[in-house]
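> here is my input; please provide its structure:
(one chain, ligands or ions: 2)
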Amino acid sequence: MISRSYEETIALGERLGSLLELGAFIALKGDLAGGKTTFTKGIGKALNVKGIVNSPTFTILKIYEGDKTLYHIDAYRLENNEYDLGIDEYEDEGIMVVEWPEYYEKYLPKEYLEVIFEYIDDNTRNIEFIAHGEKYERIIEELGC
Ligand SMILES: Nc1ncnc2c1ncn2[C@@H]1O[C@H](COP(=O)(O)OP(=O)(O)O)[C@@H](O)[C@H]1O
Ligand SMILES: [Mg+2]
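Ligands and ions are numbered 1, 2, ... in the order given. Modelled structure (predicted):
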């Protein structure tokens, strides 16, 4: 999919967010400033979370309460350290969104939705969805991507 603005990426995240059930796991890959955090804001919007979804420096995990709980992980600073965030046991109780899953590989479940963000120009991003598991194939179909 092509997103031509910040708002379009939020709207796309919101559409995905409305399709997610408890236990969903979303892995956001790709360029810096690709729109991963922006997309997560949209997911948060769909879940009616309180507070503003952002990625402040040095924060690895943020938990937002909403209609469903959103666990937002930015694994960039984990750099694959075997650091246990202690949240895998809560995965089924919320929606997990992980930026830089390359640094969180040990904790990736068998089934998840991969989303890859590519910077095209100032306002344009290519956003690719890859399903790992049947449940995510259905979600991509519903998204119409
Ligand atoms: N189409 C677009 N989708 C998402 N962000 C965009 C788009 N066009 C411009 N931007 C800008 O790119 C930046 C994306 O930042 P962010 O979502 O934090 O990226 P990441 O988390 O991937 O590093 C923001 O400053 C946003 O305003
Ligand atoms: Mg980010």
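> strands of this structure, start to end?
2-3, 25-30, 61-64, 69-74, 94-99, 112-121, 124-132 (DSSP state E).
> so which of the ones you listed is the most packed in?
Among the strands of the chain, the stretch with the highest mean neighbour count (mean count of other C-beta atoms under 10 Å) is strand 94-99, at a mean of 25. In short, each C-beta sits where N, CA and C put it, glycine included.
> packing partners for that one?
strand 25-30, helix 36-46, strand 69-74 (3 or more C-beta pairs under 8 Å, 6 or more residues apart in numbering; DSSP states H and E).
> just give me how far the second one sits from the chain centre.
So that's helix 36-46. 7 Å (C-alpha atoms, centre = their mean, to the nearest Å).
> contacts for it next, please.
With contacts defined as C-beta atoms under 8 Å, 6 or more residues apart in numbering, helix 36-46 is touched by 6, 9-18, 20, 26, 28-30, 52-55, 64, 66, 70, 72, 74, 95, 97, 99, 115, 117, 127.
> also near ligand 2: which of those, exactly?
Filtering the contacts of helix 36-46 for neighbours of ligand 2 using C-beta under 5 Å from the ion leaves Ser55, Glu99.
> let me see the confidence value for the residue nearest to Lys135 when sequence neighbours are not counted.
Using C-beta to C-beta, 6 or more residues apart in numbering and skipping residues adjacent in sequence, the residue nearest Lys135 is Glu111, 6.2 Å away. Note for Glu111: predicted pLDDT of 96.
> quick check: longest helix of this structure.
helix 6-19 (DSSP state H).
> coming back round to it: what's near enough to touch the residue nearest to Lys135?
Applying C-beta under 8 Å, 6+ apart, the residues near Glu111 are Phe25, His132, Gly133, Glu134, Lys135, Tyr136.
> in stretch 72-92, what's buried?
His72, Ile73, Asp74, Ala75, Leu78, Glu91 (16 or more other C-beta atoms under 10 Å).
> I figured the last one hits Tyr112, correct?
No: here Glu91 does not reach Tyr112: they are 10.4 Å apart, not a contact under C-beta atoms under 8 Å.
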